[in-house]
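Enquirer: curious how this folds, go ahead:
(one chain, ligands or ions: 1)
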Amino acid sequence: MKNRSYRGFDESFRFSREELLELVDLTRYTASSVNEQPLKYYIAFEKEEVEQILPLTMWARALKDTQLPHSGMGPSAFIIICQDMNISANTTRFQRDVGIAAQTILLAAVEKGLGGCMIGSFRKPELKSLLGLSEGIEPNLVVALGKPAEKVILTEVGADGSTAYYRDENDVHYVPKRRLEDIIL
Ligand SMILES: Cc1cc2nc3c(=O)[nH]c(=O)nc-3n(C[C@H](O)[C@H](O)[C@H](O)COP(=O)(O)O)c2cc1C
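Expert: Below is the predicted model:
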(Lines give C-alpha, C1' and ligand atoms only; values in the text may rest on other atoms or scores of the structure.)
Protein backbone atom coordinates (compact mmCIF):
# COMPACT_ATOMS: atom_id res chain seq x y z
CA MET A 1 0.00 0.00 0.00
CA LYS A 2 2.89 2.37 0.72
CA ASN A 3 4.51 1.60 -2.60
CA ARG A 4 2.93 4.44 -4.57
CA SER A 5 4.29 6.40 -7.51
CA TYR A 6 5.96 9.35 -5.78
CA ARG A 7 6.72 12.48 -7.79
CA GLY A 8 8.02 14.81 -5.07
CA PHE A 9 11.12 14.17 -2.97
CA ASP A 10 13.35 15.62 -0.25
CA GLU A 11 16.43 16.50 -2.29
CA SER A 12 18.61 16.74 0.83
CA PHE A 13 18.54 12.92 0.97
CA ARG A 14 21.37 11.39 -1.08
CA PHE A 15 22.03 7.77 -2.07
CA SER A 16 25.39 6.07 -1.90
CA ARG A 17 26.44 3.85 -4.80
CA GLU A 18 26.33 0.86 -2.42
CA GLU A 19 22.68 1.50 -1.50
CA LEU A 20 21.70 1.51 -5.16
CA LEU A 21 23.78 -1.59 -5.87
CA GLU A 22 21.90 -3.31 -3.05
CA LEU A 23 18.59 -2.54 -4.81
CA VAL A 24 19.86 -3.78 -8.18
CA ASP A 25 21.31 -6.89 -6.54
CA LEU A 26 17.76 -7.99 -5.61
CA THR A 27 16.76 -8.13 -9.27
CA ARG A 28 19.26 -10.94 -9.88
CA TYR A 29 16.95 -13.29 -7.98
CA THR A 30 13.69 -12.40 -9.74
CA ALA A 31 11.87 -14.47 -12.35
CA SER A 32 13.10 -14.09 -15.94
CA SER A 33 11.53 -15.54 -19.07
CA VAL A 34 13.43 -18.77 -19.93
CA ASN A 35 15.90 -17.46 -17.32
CA GLU A 36 17.74 -15.48 -20.00
CA GLN A 37 18.30 -12.42 -17.77
CA PRO A 38 18.95 -9.82 -20.49
CA LEU A 39 18.46 -6.81 -18.20
CA LYS A 40 21.33 -4.47 -17.26
CA TYR A 41 21.17 -1.42 -15.03
CA TYR A 42 22.65 2.07 -15.15
CA ILE A 43 22.75 3.82 -11.80
CA ALA A 44 22.93 7.60 -11.41
CA PHE A 45 23.14 9.24 -7.99
CA GLU A 46 25.51 12.21 -8.27
CA LYS A 47 23.45 15.41 -8.13
CA GLU A 48 24.83 16.79 -11.38
CA GLU A 49 24.06 13.64 -13.38
CA VAL A 50 20.60 13.24 -11.81
CA GLU A 51 19.84 16.84 -12.82
CA GLN A 52 20.92 16.08 -16.40
CA ILE A 53 18.66 13.03 -16.61
CA LEU A 54 15.61 14.67 -15.01
CA PRO A 55 14.65 16.89 -18.00
CA LEU A 56 14.66 13.81 -20.25
CA THR A 57 11.89 12.21 -18.18
CA MET A 58 8.15 13.01 -18.33
CA TRP A 59 6.12 12.99 -15.12
CA ALA A 60 2.35 12.77 -14.57
CA ARG A 61 1.46 13.81 -18.08
CA ALA A 62 -2.23 13.35 -17.21
CA LEU A 63 -1.96 16.44 -14.97
CA LYS A 64 -1.91 19.00 -17.73
CA ASP A 65 -1.31 22.18 -15.71
CA THR A 66 1.16 20.76 -13.19
CA GLN A 67 4.89 20.53 -13.66
CA LEU A 68 6.20 17.60 -11.64
CA PRO A 69 8.42 17.14 -9.76
CA HIS A 70 8.09 20.69 -8.42
CA SER A 71 11.34 22.67 -8.49
CA GLY A 72 13.63 21.56 -5.64
CA MET A 73 11.70 18.31 -5.16
CA GLY A 74 13.44 16.08 -7.69
CA PRO A 75 14.54 12.48 -7.16
CA SER A 76 17.95 11.70 -5.64
CA ALA A 77 18.78 8.85 -8.00
CA PHE A 78 17.79 7.02 -11.14
CA ILE A 79 18.12 3.35 -11.98
CA ILE A 80 17.74 2.92 -15.73
CA ILE A 81 16.62 -0.59 -16.63
CA CYS A 82 18.09 -1.54 -19.99
CA GLN A 83 17.90 -4.61 -22.17
CA ASP A 84 21.13 -6.07 -23.50
CA MET A 85 20.09 -6.90 -27.06
CA ASN A 86 23.22 -9.05 -27.44
CA ILE A 87 21.65 -11.47 -24.95
CA SER A 88 18.14 -11.23 -26.45
CA ALA A 89 16.58 -8.76 -28.86
CA ASN A 90 13.03 -9.87 -27.99
CA THR A 91 11.74 -6.72 -26.32
CA THR A 92 8.12 -7.88 -26.10
CA ARG A 93 8.86 -10.97 -24.02
CA PHE A 94 11.19 -9.13 -21.66
CA GLN A 95 8.75 -6.29 -20.95
CA ARG A 96 7.50 -8.53 -18.14
CA ASP A 97 11.02 -8.97 -16.75
CA VAL A 98 11.38 -5.18 -16.75
CA GLY A 99 8.15 -4.77 -14.76
CA ILE A 100 9.15 -7.40 -12.22
CA ALA A 101 12.59 -5.81 -11.76
CA ALA A 102 11.16 -2.32 -11.37
CA GLN A 103 8.57 -3.43 -8.83
CA THR A 104 11.23 -5.35 -6.88
CA ILE A 105 13.43 -2.25 -6.70
CA LEU A 106 10.54 -0.03 -5.61
CA LEU A 107 9.24 -2.44 -2.97
CA ALA A 108 12.72 -2.67 -1.45
CA ALA A 109 13.05 1.12 -1.53
CA VAL A 110 9.73 1.51 0.32
CA GLU A 111 10.92 -0.97 2.95
CA LYS A 112 13.83 1.42 3.59
CA GLY A 113 11.46 4.39 4.01
CA LEU A 114 12.20 5.58 0.48
CA GLY A 115 10.15 5.47 -2.71
CA GLY A 116 10.06 6.32 -6.36
CA CYS A 117 8.29 6.27 -9.67
CA MET A 118 8.53 4.19 -12.82
CA ILE A 119 9.04 6.43 -15.83
CA GLY A 120 8.22 4.82 -19.16
CA SER A 121 7.96 8.15 -20.88
CA PHE A 122 11.46 9.47 -21.50
CA ARG A 123 13.59 10.83 -24.36
CA LYS A 124 15.35 7.65 -25.33
CA PRO A 125 17.90 8.85 -27.93
CA GLU A 126 18.99 11.75 -25.71
CA LEU A 127 19.24 9.50 -22.65
CA LYS A 128 21.28 6.92 -24.55
CA SER A 129 23.77 9.51 -25.67
CA LEU A 130 23.93 11.24 -22.25
CA LEU A 131 24.71 7.94 -20.52
CA GLY A 132 27.08 6.83 -23.27
CA LEU A 133 25.45 3.40 -23.45
CA SER A 134 27.27 0.95 -25.67
CA GLU A 135 25.82 -0.62 -28.81
CA GLY A 136 22.94 -3.00 -28.13
CA ILE A 137 22.10 -1.60 -24.68
CA GLU A 138 18.53 -0.27 -24.92
CA PRO A 139 16.98 1.72 -22.05
CA ASN A 140 13.49 0.37 -21.35
CA LEU A 141 12.28 1.90 -18.09
CA VAL A 142 13.61 4.63 -15.83
CA VAL A 143 13.10 4.20 -12.09
CA ALA A 144 13.33 7.46 -10.16
CA LEU A 145 14.17 7.11 -6.46
CA GLY A 146 14.30 9.33 -3.42
CA LYS A 147 12.83 10.17 -0.06
CA PRO A 148 9.16 10.92 -0.76
CA ALA A 149 7.98 14.34 0.35
CA GLU A 150 4.38 14.25 -0.79
CA LYS A 151 1.12 12.60 0.19
CA VAL A 152 -0.53 10.04 -2.07
CA ILE A 153 -4.01 8.72 -1.24
CA LEU A 154 -5.72 5.73 -2.82
CA THR A 155 -9.41 6.11 -3.66
CA GLU A 156 -11.98 3.86 -5.37
CA VAL A 157 -12.90 4.28 -9.00
CA GLY A 158 -16.30 5.96 -8.88
CA ALA A 159 -19.50 5.51 -10.88
CA ASP A 160 -18.08 7.57 -13.76
CA GLY A 161 -15.43 4.87 -14.24
CA SER A 162 -12.57 7.38 -14.35
CA THR A 163 -9.13 6.09 -13.39
CA ALA A 164 -7.53 9.53 -13.85
CA TYR A 165 -5.32 10.54 -10.94
CA TYR A 166 -5.69 14.10 -9.65
CA ARG A 167 -4.32 16.57 -7.07
CA ASP A 168 -6.09 18.89 -4.65
CA GLU A 169 -5.14 22.49 -3.79
CA ASN A 170 -2.67 21.19 -1.16
CA ASP A 171 -0.87 19.10 -3.78
CA VAL A 172 -2.17 15.84 -2.27
CA HIS A 173 -2.19 13.22 -5.04
CA TYR A 174 -5.23 10.90 -5.36
CA VAL A 175 -5.10 7.60 -7.23
CA PRO A 176 -8.40 5.83 -8.05
CA LYS A 177 -8.14 2.04 -8.00
CA ARG A 178 -10.75 -0.40 -9.33
CA ARG A 179 -12.76 -2.37 -6.75
CA LEU A 180 -12.00 -6.08 -6.20
CA GLU A 181 -15.44 -7.12 -7.50
CA ASP A 182 -14.78 -5.21 -10.70
CA ILE A 183 -11.58 -7.04 -11.55
CA ILE A 184 -12.76 -10.60 -10.92
CA LEU A 185 -14.03 -12.20 -14.15
C1 LIG B 1 5.22 0.77 -16.99
C2 LIG B 1 4.88 2.05 -16.29
C3 LIG B 1 5.32 3.26 -16.82
C4 LIG B 1 5.03 4.46 -16.16
N5 LIG B 1 5.50 5.62 -16.70
C6 LIG B 1 5.27 6.78 -16.05
C7 LIG B 1 5.80 8.00 -16.56
O8 LIG B 1 6.41 8.05 -17.62
N9 LIG B 1 5.61 9.14 -15.84
C10 LIG B 1 4.93 9.13 -14.64
O11 LIG B 1 4.80 10.19 -14.03
N12 LIG B 1 4.41 7.98 -14.14
C13 LIG B 1 4.56 6.82 -14.80
N14 LIG B 1 4.07 5.64 -14.29
C15 LIG B 1 3.36 5.66 -13.00
C16 LIG B 1 1.84 5.53 -13.17
O17 LIG B 1 1.31 6.77 -13.61
C18 LIG B 1 1.24 5.13 -11.80
O19 LIG B 1 1.60 3.79 -11.55
C20 LIG B 1 -0.27 5.27 -11.75
O21 LIG B 1 -0.64 6.63 -11.85
C22 LIG B 1 -0.87 4.69 -10.47
O23 LIG B 1 -0.27 5.24 -9.32
P24 LIG B 1 0.39 4.27 -8.24
O25 LIG B 1 1.66 3.72 -8.85
O26 LIG B 1 0.67 5.13 -7.05
O27 LIG B 1 -0.58 3.17 -7.96
C28 LIG B 1 4.30 4.45 -14.95
C29 LIG B 1 3.86 3.22 -14.42
C30 LIG B 1 4.16 2.05 -15.08
C31 LIG B 1 3.68 0.74 -14.50
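Enquirer: is residue 85 in contact with residue 134, as I believe?
Expert: No. Residue 85 lies out of contact with residue 134 (Cβ atoms under 8 Å); the separation is 10.6 Å. Bear in mind the C-beta positions are built from the backbone N, C-alpha and C, glycine included.
Enquirer: and the helices in the protein?
Expert: 17-27, 47-53, 95-111, 124-131, 180-183 (DSSP state H).
Enquirer: out of these, the one nearest residue 149 is which?
Expert: helix 95-111 (14.3 Å; Cβ to Cβ).
Enquirer: tell me which of the helices of the chain sits nearest to the ligand.
Expert: The closest of the helices of the chain to the ligand is helix 95-111. By Cβ to the nearest ligand atom, the value is 6.4 Å.
Enquirer: what does the closest one contact?
Expert: 2-3, 22-24, 26-27, 30-33, 37-39, 79, 81, 83, 115-116, 118, 140-141, 143, 145 (Cβ atoms under 8 Å, 6 or more residues apart in numbering).
Enquirer: for stretch 1-15, what is the distance to the chain centroid?
Expert: 11 Å (Cα atoms, centre = their mean, to the nearest Å).
Enquirer: what average pLDDT does that stretch get?
Expert: Averaging pLDDT along stretch 1-15 gives 98.
Enquirer: enumerate the residues of this protein near the ligand.
Expert: Within the chain, the positions near the ligand by Cβ under 6 Å from any ligand atom are 4-5, 7, 58-60, 117-121, 152, 165, 175.
Enquirer: can I see the domain layout of this protein?
Expert: The chain breaks down into these domains under automatic domain parsing: 17-149, 151-185.
Enquirer: of all those domains, which one is nearest residue 11?
Expert: Nearest to residue 11, of those and by Cβ to Cβ, is domain 17-149 at 5.9 Å.
Enquirer: now do the end-to-end distance for the closest one.
Expert: End-to-end distance for domain 17-149: 22 Å, by Cα to Cα, to the nearest Å.
Enquirer: and what of stretch 10-25?
Expert: End-to-end distance (Cα to Cα), stretch 10-25: 25 Å.
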